[in-house]
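1. need coordinates for the below:
(chains A and B)
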Amino acid sequence: GAVVSQHPSWVICKSGTSVKIECRSLDFQATTMFWYRQFPKQSLMLMATSNEGSKATYEQGVEKDKFLINHASLTLSTLTVTSAHPEDSSFYICSASLAGVGSYEQYFGPGTRLTVT
Amino acid sequence: LAKTTQPISMDSYEGQEVNITCSHNNIATNDYITWYQQFPSQGPRFIIQGYKTKVTNEVASLFIPADRKSSTLSLPRVSLSDTAVYYCLVGDIRRGWKAAGNKLTFGGGTRVLVKP
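-> Numbers count the residues shown, from 1 in each chain, chains lettered A, B, ... in the order given. Here you go, the predicted structure:
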């Protein structure tokens, strides 16, 4: 149980275009989802916290107008990278919090590799 | 938010026990300690979580001394497939990760290489 999926698993786009990444909790409801970015051989960096039905909370230094997050349902959060540039090329990972008494683990998706050419 | 410090890398051999120690001197009363494993190009995978003393599950043990300023992840009899990066995180999980102030921050992690 507690599976998180991401789509697509990898994407290549041209500079200036926008890309949407989906994060789904397949067998549980997640009131909170998190988006991370990871550059090669570096640790995960939290970009934003996404709460269902409300605006996302962005970490310092993360442009909210460039990384649009929508958490429209308890099982789906999306991250849209707008006007992508080569420096946005990275591994994007989402996680979901299993809400409920006694269970506060974060379950991570498999990640999405974004390459901007 | 408690900051963690781990060794950058560790080498081991198949069948050996691997112990990774994480320092978290500023751990708060309500903070739990969680360890994740990450393979290249994959999302992190939960390994174990604890608050104090010792926790054991089917894949690892977690040792936490009384002062909770450090913790040690123990991987018994590692195999080649245990080669990965291991992250130690501390945070207050009781509020369900919702508030920005309760977010988890990944440190540098420890790159474990298991050799044949």
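2. okay, now the residue of chain B found nearest chain A: neighbour count?
-> The minimum distance from chain B to chain A, using Cβ to the nearest Cβ, falls at B:Gly43 (3.4 Å). Where you see a C-beta, it was placed from the backbone N, CA and C, and this is true even at glycine. Using other Cβ atoms under 10 Å in any protein chain shown, the number of residues around B:Gly43 comes to 23.
3. tell me the pLDDT at it?
-> Per-residue pLDDT puts B:Gly43 at 94.
4. next: B:Ala28.
-> In this model, B:Ala28 carries a pLDDT of 87.
5. in this model B:Tyr51 seems to touch it, though I could be wrong.
-> No: contact criterion Cβ atoms under 8 Å: B:Ala28 and B:Tyr51 do not qualify, at 11.6 Å.
6. and the strands in the chain?
-> Going with chain A. A:4-7, A:10-13, A:19-25, A:32-38, A:45-51, A:57-58, A:67-73, A:76-81, A:90-97, A:106-108, A:112-116 (DSSP state E).
7. wait, chain B was what I had in mind.
-> Using DSSP E, strands in chain B cover B:9-13, B:18-23, B:32-38, B:45-50, B:53-56, B:61-64, B:70-75, B:84-91, B:110-115.
8. so which of those strands is nearest A:Arg113?
-> In terms of Cβ to Cβ, the element of these nearest to A:Arg113 is strand B:32-38, at 14.3 Å.
9. next up, phi/psi of the residue of chain B closest to chain A, please.
-> phi -80, psi 160 (degrees, to the nearest 10).
10. quick one: contacts of stretch A:87-94?
-> A:4, A:6, A:21, A:23, A:33-40, A:44, A:77, A:79, A:81, A:108-109, A:111-116, B:41, B:43-44 (Cβ atoms under 8 Å, 6 or more residues apart in numbering or on different chains).
11. repeat that for 6 Å
-> By Cβ atoms under 6 Å, 6 or more residues apart in numbering or on different chains, the residues outside stretch A:87-94 that reach it are A:6, A:21, A:23, A:33, A:35-39, A:81, A:108-109, A:111-116, B:43.
12. tell me the buried residues within those residues.
-> The neighbour-count test (16 or more other Cβ atoms under 10 Å in any protein chain shown) marks A:6, A:21, A:23, A:33, A:35-38, A:81, A:108-109, A:111-112, A:114, A:116, B:43 as buried among the contacts of stretch A:87-94.
13. hang on, the earlier thing: any chance of the strands of chain B in a markdown table, plus mean neighbour count?
-> Output for these, formatted as a markdown table (neighbours: other Cβ atoms under 10 Å in any protein chain shown):
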| stretch | mean neighbour count |
| --- | --- |
| strand B:9-13 | 13 |
| strand B:18-23 | 18 |
| strand B:32-38 | 23 |
| strand B:45-50 | 17 |
| strand B:53-56 | 13 |
| strand B:61-64 | 19 |
| strand B:70-75 | 20 |
| strand B:84-91 | 24 |
| strand B:110-115 | 17 |
